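K.L.:
Build me a model:
(2 chains)
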There are 2 protein chains.
Amino acid sequence: VGITLANPKHWTRTFLLSLVEYGFPGAIYPVNRGGGEIMGLKVWPSLADIPGDIDYVISLVPAGGSADLISHAAAKGVKAIHFCTAGFSEVDLAGGAAREEELVRLARSKGIRIIGPNCMGIYCPRTGLSFQPQFPREHGPVAMVSQSGGNAIDMITLASQRGVRFSKVVSYGNGADLNESDFLEYFARDPETSVIVLYIEGVKDGRRFRQALDKASRAKAVILLKGGLTESGTRAAAGHTGALAGQPLLWEALSRQINAIPVFSMAEAVDLMAAFQHGFLPPGRRVGLLGTGGGASVLIADTFERHGLVLPPLPPALKARLLEFSHLAGNILENPIDYSQTAWESDKLARAVRLVGEWDDIDSLLCFPRPGWQSPGSAALWAEILYTMLSAGKKADKPMAVLLEPGVTPAAAQQVFPLIEKSAQEGFTVFYSFADAARAIRRLVDWGARRHV
Amino acid sequence: VGITLANPKHWTRTFLLSLVEYGFPGAIYPVNRGGGEIMGLKVWPSLADIPGDIDYVISLVPAGGSADLISHAAAKGVKAIHFCTAGFSEVDLAGGAAREEELVRLARSKGIRIIGPNCMGIYCPRTGLSFQPQFPREHGPVAMVSQSGGNAIDMITLASQRGVRFSKVVSYGNGADLNESDFLEYFARDPETSVIVLYIEGVKDGRRFRQALDKASRAKAVILLKGGLTESGTRAAAGHTGALAGQPLLWEALSRQINAIPVFSMAEAVDLMAAFQHGFLPPGRRVGLLGTGGGASVLIADTFERHGLVLPPLPPALKARLLEFSHLAGNILENPIDYSQTAWESDKLARAVRLVGEWDDIDSLLCFPRPGWQSPGSAALWAEILYTMLSAGKKADKPMAVLLEPGVTPAAAQQVFPLIEKSAQEGFTVFYSFADAARAIRRLVDWGARRHV
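P.N.:
Residues are numbered from 1 along each chain as shown, chains lettered A, B, ... in the order given. You can find the predicted model right below:
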């Protein structure tokens, strides 16, 4: 593996740092004309000086030096180069598009495949390849194909803290040689992957992509975040990855005909990744809700119903059973159940969650303990409430998720992030807001319904 | 002020604690049959034992003891009682509604007004009255009328950290005597209030409320969060405050005819409170965006346009001026401007913000620095970027707001909350997500347009 390092303070240092800190097990050869030593590794003046063959090159040379790099790499038997380098088709006015075409032509003539240019490359936990040092070491069922390196990092970061683990992620930028269809076709066949997340700005070959998407969606869950659906988004995408984006109607038709799950933000994509990772797959629209907060219960009910979900009324018999051991005043024994006055008593809370979990009229259960909000709850007390919900929820025969809001106050962030981590470790999907939860559940239900047609 | 304290570990202790810690300047008389001392104050066995007159009573006696309390209070010249007590019309099956009617009849016969029952009462910074110890001491232009005490606390908490300050807040629960229309009429006339936030579950007198809302909306900005718009929300509201909610069509018609700003969540209400507090009032739909992140720029553009906002393309002349001192590769000089590669150089960032601030084609400017996301940025570096944006933004002749995402990672929360506080202190409106920002700007523009018809 060869790496060029110009300015040692430049952010691109993160590539070498990632390999070293993440613990890539193979040989790493930093390359820079200046030579010397870095992070305990000898810096080689050029690819030619490295003894033996090289499999893969991560290139940071400027756009102008990329052609030379390909020739040197070919001489060392390199099979693929990841060009982080920007300055190609995304800056067309400076002749970038022509430079990019020339690069691909040259690489193909030498039998070398290109990832990029203008991207972050590959994260593959199994082989120890990563483009950020802090990405999780464990692998999992989710693959990601992202035209944007920044969005890939953001989604991996968000998803990781919710317990999502990845098989492979590729940030492919301008996609000059290997493009979105190549990666999608690969992941559709990849036995390590059961969920595919796509962040796409523009597609090189519409017909091929459509076929690849159709095939992948029949075999696996595919989450599709399309960037550049609007006029200004298209302009931004052109400047970002040189993509010819746009055509919102075409994309809308595509997601109607193919059972991929369309989302409009990274947060929405992450909600679904978490649900698939933890197997939170509600078979229908009927939801049971249990948590704390009267006003919150009113708003959560409105939010869920506005997203097309159904909150069946609590049957009198179930209400009566709850009343055998729960307070009347201060609780609301409807659906949502506001259990504020009794949630502090763990044995009763566990019984309530189990009773609701056995309720036949619902397809899934969402608990909203709401730590971090109001003063009476200490961190320990909220943790106790959450753990009680989780352990009772494990015994429920309904898929259960939890709602935890980390971004509301500084105190909430401190209290809630550890609880999110704990929930994820216990195998639960966590949503960060009422609307996020409702939107995700609705999408999962719709996806499941179309899948079984 | 009289307070009854039964169980010293009960959460209702928060009422006395709030008065003491918040620093209520008048005399506070805790009342409990047991007597003794609490928080350095003598506990009086009954209202009758307190020397002299009492203005205001905060009652925690159980529903059954409320009638007696009114009689005792009348003997002491009390003018108003806030009944925190639950167990009235919200639990109708237990005879609560009849008990509530009786309570009001008795109070009126004695010339006493009731706030509640089943509520948190009054927060009024000027007079030192508060129902949470940590609420801000400073007063401001925003009044809130909330049927839910929990939602009032949540909204005050969220809004405070964004720099919003309140004239008066009333949580009025079941509204048995004084109700939403009384408070709305009061705030429409209150010279200390220019923005009114309503969280309403049910309305006692539709015609009166409609008139009060119309009048208030002509004089002031009115933000309306209606709880119980759906079937299940209505059931929750009935169990929460005994409200007869529902009738979504009626509410939709109401907000079309009256220029109140309808919102669907507490977070949305808070976004608008912050905008009014800081005078972020875009006169039109055209927005200029400047921040860091290429993929983020694509998605922010899509989000804004999907919410009906307009992102005019960057004029060639402005682009040329930016290019005089900004990098080409790695930045995107469109609208949004992705300034990732140059944002670290403060003087250039300041020039860029000023140039965009002078751009005639936009009505407002939103900066999205995105601290807390990716590894290269240290906290100090991000703070520098934000402060540069804020000080350049102050000189811009366009309303400017900033986007900061506190809830994305634990590290982000630690970095971002102090930056949110700083931005608010400097008089800037902060939004927490792309979608939140777009939704709020759209609502502000629509509200302003209807206001000037």
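
K.L.:
I'd say A:M273 and A:A143 touch.
P.N.:
No: A:M273 is not in contact with A:A143 according to C-beta atoms under 8 Å; the separation is 10.4 Å. Using the backbone N, CA and C atoms, a C-beta is placed for each residue, glycine as well.

K.L.:
Show me what counts as buried in stretch A:60-77.
P.N.:
Using 16 or more other C-beta atoms under 10 Å in any protein chain shown as the test for burial, stretch A:60-77 gives A:60-61, A:63, A:66, A:69-70, A:72-74, A:76.

K.L.:
Could you export it as CSV, CA atoms only?
P.N.:
Listed next in CSV are the C-alpha coordinates belonging to stretch A:60-77 (Å, rounded to 0.1, in the frame of the first residue of the first chain):
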residue,chain,number,x,y,z
LEU,A,60,-3.0,11.9,-2.8
VAL,A,61,-0.9,13.3,-5.6
PRO,A,62,-2.4,16.4,-7.3
ALA,A,63,-4.6,15.9,-10.3
GLY,A,64,-1.7,16.8,-12.6
GLY,A,65,0.6,14.0,-11.3
SER,A,66,-2.0,11.3,-11.5
ALA,A,67,-1.0,10.0,-14.9
ASP,A,68,2.6,9.5,-13.9
LEU,A,69,1.4,7.6,-10.8
ILE,A,70,-0.5,5.2,-12.9
SER,A,71,2.5,4.3,-15.0
HIS,A,72,4.7,3.8,-11.9
ALA,A,73,1.9,1.7,-10.3
ALA,A,74,1.6,-0.5,-13.3
ALA,A,75,5.3,-1.3,-13.1
LYS,A,76,4.7,-2.6,-9.6
GLY,A,77,1.8,-4.9,-10.4
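
K.L.:
Counting residues, name the longest strand you see in chain A.
P.N.:
strand A:139-146 (DSSP state E).

K.L.:
Who are the packing partners of it?
P.N.:
When contacts are defined as 3 or more C-beta pairs under 8 Å, 6 or more residues apart in numbering or on different chains; DSSP states H and E, strand A:139-146 sits against helix A:149-160, strand A:166-171, helix A:180-189, strand A:195-200, helix A:266-278.

K.L.:
Sheet partners, orientation included, of it?
P.N.:
Applying DSSP bridges, strand A:139-146 is found paired with strand A:166-171 (parallel), strand A:195-200 (parallel).

K.L.:
so it versus helix A:149-160, what angle?
P.N.:
150 degrees (axes from the mean of the first three to the mean of the last three C-alpha atoms, to 10 degrees).

K.L.:
now strand A:139-146: mean pLDDT?
P.N.:
Mean per-residue pLDDT for strand A:139-146: 98.

K.L.:
what's the closest of the buried residues of stretch A:60-77 to A:S340?
P.N.:
Distance to A:S340 across those (C-beta to C-beta) is lowest for A:L60, with 55.7 Å.

K.L.:
Was I right to think that closest one contacts A:T12?
P.N.:
Yes: proximity of A:L60 to A:T12 meets the contact threshold set by C-beta under 8 Å, at 4.8 Å.

K.L.:
helix or strand for the residue of the stretch 251-400 of chain A found nearest chain B, which one?
P.N.:
Here the stretch 251-400 of chain A gets closest to chain B at one residue, A:G295, 2.7 Å apart by C-beta to the nearest C-beta. Assigned by DSSP states H and E, A:G295 belongs to helix A:294-306.

K.L.:
which other helices and strands contact that helix?
P.N.:
Helix A:294-306 packs on strand A:287-291, strand A:337-338, helix A:434-451, helix B:149-160, helix B:231-241, going by 3+ C-beta pairs under 8 Å, 6+ apart.

K.L.:
And for the third one, what's in contact with it?
P.N.:
The set of residues that contact helix A:434-451 without belonging to it, under C-beta atoms under 8 Å, 6 or more residues apart in numbering or on different chains, is A:221, A:259, A:261, A:263, A:267-268, A:271-272, A:275, A:280-285, A:287, A:299-300, A:303-304, A:306-309, A:363-364, A:366, A:368, A:401, A:403, A:431, B:265.

K.L.:
filter the residues you listed to the buried ones?
P.N.:
For the contacts of helix A:434-451, a neighbour count by 16+ other C-beta under 10 Å gives the buried set as A:221, A:259, A:261, A:263, A:267-268, A:271-272, A:275, A:280-282, A:285, A:287, A:299-300, A:303-304, A:307, A:309, A:363-364, A:366, A:368, A:401, A:403, A:431, B:265.

K.L.:
Show the model's pLDDT score for the closest residue to A:A188 other than its chain neighbours.
P.N.:
Ranked by C-beta to C-beta, 6 or more residues apart in numbering or on different chains and with sequence neighbours excluded, the top spatial neighbour of A:A188 is A:A216, at 3.9 Å. pLDDT recorded at A:A216 is 97.

K.L.:
now do the one 10 residues further on
P.N.:
At A:K226 the predicted local confidence, pLDDT, stands at 93.

K.L.:
and what of the one 5 residues further on?
P.N.:
At A:E231, the predicted lDDT confidence score is 88.

K.L.:
Any idea how many residues pack against it?
P.N.:
Residues lying near A:E231 (other C-beta atoms under 10 Å in any protein chain shown) number 17.

K.L.:
In this structure it contacts B:F304, no?
P.N.:
No: at 10.9 Å, A:E231 does not count as touching B:F304 under the criterion of C-beta under 8 Å.

K.L.:
what is in contact with these two at once?
P.N.:
With C-beta under 8 Å, 6+ apart as the test, A:E231 and B:F304 both reach B:L311.

K.L.:
Please identify the buried residues of the longest strand of chain A?
P.N.:
A:140-146.

K.L.:
What is the subsequent helix or strand relative to the helix holding A:G295?
P.N.:
Trace forward from helix A:294-306 with DSSP H and E and the next one is helix A:316-323.

K.L.:
anything in that next one near chain B?
P.N.:
No: Helix A:316-323 is not in contact with chain B by C-beta under 8 Å from any C-beta of the partner chain; minimum separation 9.7 Å.

K.L.:
Run the angle between that helix and strand A:287-291 for me.
P.N.:
Using the same axes, to 10 degrees, helix A:316-323 lies at 20 degrees relative to strand A:287-291.

K.L.:
tell me what helix A:316-323 is packed against?
P.N.:
Packing partners of helix A:316-323 (3+ C-beta pairs under 8 Å, 6+ apart): strand A:332-333, helix A:346-357.

K.L.:
Flag every buried residue along the longest one.
P.N.:
Applying a neighbour-count criterion of 16+ other C-beta under 10 Å, the buried positions in helix A:346-357 are A:348-353, A:355-357.

K.L.:
quick one on the thing from earlier: including mean pLDDT, could the helices and strands packed on strand A:139-146 go into CSV?
P.N.:
Below are the helices and strands packed on strand A:139-146 laid out as CSV (pLDDT from 0 to 100):
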stretch, mean pLDDT
helix A:149-160, 96
strand A:166-171, 98
helix A:180-189, 98
strand A:195-200, 97
helix A:266-278, 98
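
K.L.:
residues in contact with the closest residue to chain B within chain A?
P.N.:
Taking C-beta to the nearest C-beta as the measure, the point where chain A comes nearest chain B is A:G407, at 1.9 Å. Residues near A:G407 by C-beta under 8 Å, 6+ apart: A:413, A:432, B:405-408, B:413, B:432.

K.L.:
out of those residues, which one sits closest to B:L419?
P.N.:
Closest to B:L419 out of the contacts of A:G407 is B:P406 (8.8 Å), distances taken as C-beta to C-beta.

K.L.:
Thought A:A413 was touching the closest one, still the case?
P.N.:
Yes: contact status for B:P406 versus A:A413: in contact at 6.8 Å, counting by C-beta under 8 Å.

K.L.:
and the gap between the residue sitting furthest away from the middle of chain A and A:L365?
P.N.:
In chain A, the residue that sits farthest from the middle, by C-alpha atoms, centre = their mean, is A:E324; the gap is 43.6 Å. Look at A:E324 and A:L365: by C-beta to C-beta, to the nearest Å, they are 20 Å apart.

K.L.:
That's all I had, so thanks and see you.
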